[in-house]
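1. Let me see the structure of the following:
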Amino acid sequence: MSKDIATSLRPALVMTGLFALTLGIAYPLAITGIAQAAFPHQANGSLAEQNGKAIGSELIGQNFAEDRYFHPRPSAAGKGYDATASSGSNFGPTSQALADRVKADVAKVSVPGKIMPPDLVTASASGLDPDLSPEAALYQVDRVAAARHLPAAQVEALVRRSIDRPLVPFLGDPHVNVLALNRALDRLATAGA
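-> Presented below is the predicted three-dimensional model:
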């Protein structure tokens, strides 16, 4: 009987080892190598650099709180924009905490006479969405233009140039990457100075 167990156990252990090596080491190394060779920018986190220093990622939202910058969606990740605590708040529609947070955000960003886009006061599922709807970016043009002493039409034109549209319209919505837009805004202000 112990010979039967040993005979059955040996192929199971060999196959477990083989699959562990193949799927746990060889496959991840191959995919990592292909990604590094074909898409190095994306494989390394889509980092945005300035003067040789990483200043953010195009894939992870960051907090821009100054009036001179476009603000991203609110974040529910950790204490806000914490990539190590990516998650939504899990507040339901009847949550008083959610209602209070949204009410405070509406009071902060509300512009009389303008309809507020919902993504300016609602967090994304991850809490780290780097993008805004074009409407949410355009909603902020007057504030940013006033803070930078730039013509609103010039800032609006920059927003419109920054809109990323999906290759196939039914596979996504147009969006604006907040980090890329704010970097373009800094370049615009530097060029004008």
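2. Could you confirm Ala30 falls within a helix?
-> Yes. Assessed with DSSP: H, G, I helix; E, B strand; the rest coil, Ala30 lies in a helix.
3. Now do it: how many residues are near it, please.
-> With neighbours defined by other Cβ atoms under 10 Å, the count for Ala30 comes to 10. In this view, the C-beta of every residue, glycine as well, is placed from N, C-alpha and C.
4. Tell me the helix or strand right after whichever strand or helix holds Ile34.
-> Per DSSP states H and E: Ile34 is located in helix 27-38. Later in the chain than helix 27-38, the nearest helix or strand by DSSP H and E is helix 40-43.
5. what residue ranges in the chain score low on pLDDT?
-> 1, 189, 191-193 (pLDDT under 70).
6. Nearest residue to the middle of this structure?
-> Among the residues of the chain, the one closest to the centroid is Pro130, at 2.7 Å (Cα atoms, centre = their mean).
7. which non-adjacent residue is nearest it?
-> Gly61 (4.6 Å; Cβ to Cβ, 6 or more residues apart in numbering).
8. Select the longest helix from the chain.
-> The residue-count maximum for a helix in the chain (DSSP state H) belongs to helix 2-21.
9. distance between it and the chain's centre?
-> 45 Å (Cα atoms, centre = their mean, to the nearest Å).
10. I'd like to know which elements that helix is packed against.
-> Where contact means 3 or more Cβ pairs under 8 Å, 6 or more residues apart in numbering; DSSP states H and E, helix 2-21 is not packed against any helix or strand.
11. Kindly calculate the angle that the helix holding Ile34 makes with helix 2-21.
-> Using axes from the mean of the first three to the mean of the last three Cα atoms, to 10 degrees, the direction of helix 27-38 lies 10 degrees away from that of helix 2-21.
12. Give me the contacts around helix 27-38.
-> Helix 27-38 is contacted from outside by 42-44, using Cβ atoms under 8 Å, 6 or more residues apart in numbering.
13. Kindly format the C-alpha coordinates of it as CSV.
-> Listed next in CSV are the C-alpha coordinates belonging to helix 27-38 (Å, rounded to 0.1, in the frame of the first residue of the first chain):
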residue,chain,number,x,y,z
TYR,A,27,5.7,32.9,-17.5
PRO,A,28,5.9,36.1,-15.3
LEU,A,29,9.5,36.6,-16.4
ALA,A,30,8.6,36.2,-20.0
ILE,A,31,5.6,38.6,-19.8
THR,A,32,7.7,41.2,-17.9
GLY,A,33,10.5,41.0,-20.5
ILE,A,34,8.0,41.4,-23.3
ALA,A,35,6.3,44.4,-21.6
GLN,A,36,9.7,46.0,-20.9
ALA,A,37,10.8,45.6,-24.5
ALA,A,38,7.5,46.6,-26.2
